[in-house]
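Colleague: model the structure of this input:
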Amino acid sequence: MSLRIPPALFHRRFRLLWLGMIISIAGTQMQTWALFWHIRDITDQPIALGGIGLARILPIIFFSLIGGAMADVVNRRRLLLVTQTAMALTALALAWLTIYGSIELWHIYLLTALQAVAVAFDSPSRQALVPNLVPARDLPNAFSMTSIAMQTGAIVGPALSGLVIAYWGQSTVYTINALSYMAVIIALMLMGPVAQRADPERRTSVSLASIREGIHFIINQPIILGTMLMDFFATFFSSANTLMPIVARDVLNVGAIQYGWLSAAQSVGAVLAALVVSQIERIRRQGVVFLSSVVVFGLATIVFGLARSFPVAMLTLMVVGAADSVSMIIRNTIRQLQTPDYIRGRMSGINQIFFMGGPQLGEVEAGVVAQIFSVPFAIITGGIGCLAAVAWISRRWPQLRAYDGEEPKLAEAVAD
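Modeller: Modelled structure (predicted):
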């Protein structure tokens, strides 16, 4: 099979956003994994690492519904310019405190929480913007390319993070991340105005009524609701990324550079899987593929918890990432194609609570279980919990199993 240029990249505005995201996400991932290592330097208590998940998810829970509603009211491109700037400033604050040696654990939690507030407004707008940049026929490919951008950044970021920490220190990581946000800001400025479709008979401002309308829409769309719940429970049980410094140091007995590669392993697998998906013209039996990918995700998590050698841990994490990538591409395509543009921001805001709530609360859960029992026990039982969630959701929402991808689409995308 000969490789072809993914059709989504033929659309200039999406191409600009995609290139900017690769750079920005690499910087974000550098900071994320550097924060875990930084906390481990401050304390060896697993619960402290779990606390970073709590600092991230509370703002998401409080502000995502508002952020989603705002993405349907204001211009999504302009809103992204504001949120990207805010996240750059929080990264600069981390760098400044670290350079002057005055950073403490509560500073990390506070700045992480402030950045999460910006994310609560940024993510719904960014997800809802993608269907405004490509026609509906290219939307699955656009989400495949978005996954590649996210995971490429997540490979480069952690790998560079370990090297930068080892040779130049934590503050340099935070400074690089602050600069990386400029890539998305420049892309948004270059793409110019982006049209959004509105329903003139519905909301004109952010209000409780508009938020309730978004919630009501999700409740009455069983396929969308099923994918959101699957996303939440699978990542809640199988999230243990904040425990990676302990896995690296105390289970596998490796240093900062190997830690960086472990942190990037999931994204290596995710990119490989996304590249394969980007070459497939049409994915058949999408519901079955989606559920199967989550099963593989849970099984690979269990094997990772059992691993005691660096190569085995790397390989299983790559499988985890590949399975998660396939799952993410399909669930994002389902949600965006089954959601009209006028309510897409609110759908994405509600989804963000599930999408980020699962892994962040899961990090807290993993930290507590690891504190009481052990790190491997927390990871293994998380994989088992993921498999139980697949069994329950596939039985509760049989429409998800039967979904093929040819069902009537409620959304319309905007071409260049």
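Colleague: right, and the helix or strand after the lengthiest helix in the chain?
Modeller: If you go by DSSP state H, the chain has its longest helix at helix 12-42. Downstream of helix 12-42, the next assigned helix or strand under DSSP states H and E is helix 46-73.
Colleague: and the very next helix or strand once past that next one, what's buried?
Modeller: Proceeding C-terminally, helix 46-73 gives way to helix 76-99 as the next helix or strand, assigned by DSSP H and E. Neighbour counts over helix 76-99 (16 or more other C-beta atoms under 10 Å) mark 76-77, 79-80, 83-84, 86-88, 90-95, 97-98 as buried. From N, CA and C alone the C-beta is placed, and that goes for glycine too.
Colleague: just to revisit the earlier point, packing partners of the longest helix of the chain?
Modeller: helix 46-73, helix 76-99, helix 105-129, helix 139-167, helix 170-191, helix 244-246, helix 256-278 (3 or more C-beta pairs under 8 Å, 6 or more residues apart in numbering; DSSP states H and E).
Colleague: so which of those helices gets nearest residue 342?
Modeller: helix 46-73 (6.4 Å; C-beta to C-beta).
Colleague: buried residues of the closest one, list them for me.
Modeller: Quick answer for helix 46-73 (16+ other C-beta under 10 Å): 46, 48-61, 63-73.
Colleague: distance to residue 365 and mean pLDDT for the helices and strands packed on helix 12-42 - can I get that in JSON lines?
Modeller: Formatted as JSON lines, the helices and strands packed on helix 12-42 follow (distance: least, C-beta to C-beta, whole Å; pLDDT from 0 to 100):
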{"stretch": "helix 46-73", "distance to residue 365": "8", "mean pLDDT": "80"}
{"stretch": "helix 76-99", "distance to residue 365": "26", "mean pLDDT": "92"}
{"stretch": "helix 105-129", "distance to residue 365": "18", "mean pLDDT": "88"}
{"stretch": "helix 139-167", "distance to residue 365": "22", "mean pLDDT": "78"}
{"stretch": "helix 170-191", "distance to residue 365": "27", "mean pLDDT": "92"}
{"stretch": "helix 244-246", "distance to residue 365": "15", "mean pLDDT": "81"}
{"stretch": "helix 256-278", "distance to residue 365": "19", "mean pLDDT": "80"}
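Colleague: let's have these in CSV, adding distance to residue 20.
Modeller: Listed next are the helices and strands packed on helix 12-42 as CSV, based on distance: least, C-beta to C-beta, whole Å:
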stretch, distance to residue 20
helix 46-73, 18
helix 76-99, 9
helix 105-129, 11
helix 139-167, 9
helix 170-191, 3
helix 244-246, 27
helix 256-278, 18
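Colleague: so which of those helices comes closest to residue 209?
Modeller: Closest to residue 209 of those, according to C-beta to C-beta: helix 46-73, at 9.7 Å.
Colleague: how far does the longest helix of the chain sit from its chain's centre?
Modeller: How far helix 12-42 lies from its chain's middle: 11 Å, per C-alpha atoms, centre = their mean, to the nearest Å.
Colleague: in it, what's buried?
Modeller: For helix 12-42, by 16+ other C-beta under 10 Å, it's 13-40.
Colleague: where exactly do the helices run in the stretch 301-416 of the chain?
Modeller: 310-337, 344-372, 375-396, 398-402 (DSSP state H, counting those that start in this stretch).
Colleague: okay, these in JSON lines with distance to residue 166, mean neighbour count and mean pLDDT next?
Modeller: Below are the helices of the stretch 301-416 of the chain laid out as JSON lines (distance: least, C-beta to C-beta, whole Å; neighbours: other C-beta atoms under 10 Å; pLDDT from 0 to 100):
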{"stretch": "helix 310-337", "distance to residue 166": "17", "mean neighbour count": "23", "mean pLDDT": "85"}
{"stretch": "helix 344-372", "distance to residue 166": "24", "mean neighbour count": "24", "mean pLDDT": "76"}
{"stretch": "helix 375-396", "distance to residue 166": "23", "mean neighbour count": "19", "mean pLDDT": "88"}
{"stretch": "helix 398-402", "distance to residue 166": "45", "mean neighbour count": "15", "mean pLDDT": "78"}
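Colleague: looking at those helices, which is closest to residue 5?
Modeller: helix 310-337 (18.0 Å).
Colleague: next, the angle helix 256-278 makes with that closest one.
Modeller: Helix 310-337 and helix 256-278 are oriented at 40 degrees to each other (axes from the mean of the first three to the mean of the last three C-alpha atoms, to 10 degrees).
Colleague: and helix 310-337, what does it pack onto?
Modeller: helix 139-167, helix 222-238, helix 256-278, helix 286-306, helix 344-372.
Colleague: now that helix and helix 222-238, what's the angle there?
Modeller: 160 degrees.
Colleague: run the chain-centre distance for helix 310-337.
Modeller: Distance, centroid of helix 310-337 to centroid of chain: 11 Å (C-alpha atoms, centre = their mean).
Colleague: tilt between that helix and helix 344-372?
Modeller: 150 degrees.
Colleague: buried ones in stretch 256-268, by neighbour count?
Modeller: 256-268.
Colleague: list the contacts of it.
Modeller: Stretch 256-268 is contacted from outside by 29, 33, 37, 150-163, 165-166, 241, 244-245, 247-249, 252, 254, 310, 313-315, 317-318, 320-321, 324, using C-beta atoms under 8 Å, 6 or more residues apart in numbering.
Colleague: follow-up on the earlier one: got CSV for the helices and strands packed on helix 310-337, with distance to residue 215 too?
Modeller: As requested, the helices and strands packed on helix 310-337 are exported to CSV (distance: least, C-beta to C-beta, whole Å):
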stretch, distance to residue 215
helix 139-167, 24
helix 222-238, 11
helix 256-278, 30
helix 286-306, 23
helix 344-372, 7
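Colleague: that older thread, nearest to residue 396 among the buried residues of stretch 256-268?
Modeller: Nearest to residue 396 among those, with distances taken as C-beta to C-beta, is residue 266, at 27.9 Å.
Colleague: setting aside sequence neighbours, what's the nearest residue to that closest one?
Modeller: Excluding its sequence neighbours, the residue lying closest to residue 266 (C-beta to C-beta, 6 or more residues apart in numbering) is residue 321, at 3.2 Å.
Colleague: same check on residue 77?
Modeller: Residue 77's closest residue in space is residue 194 (C-beta to C-beta, 6+ apart), at 4.9 Å.
Colleague: tell me how many other residues crowd residue 195.
Modeller: 11 (other C-beta atoms under 10 Å).
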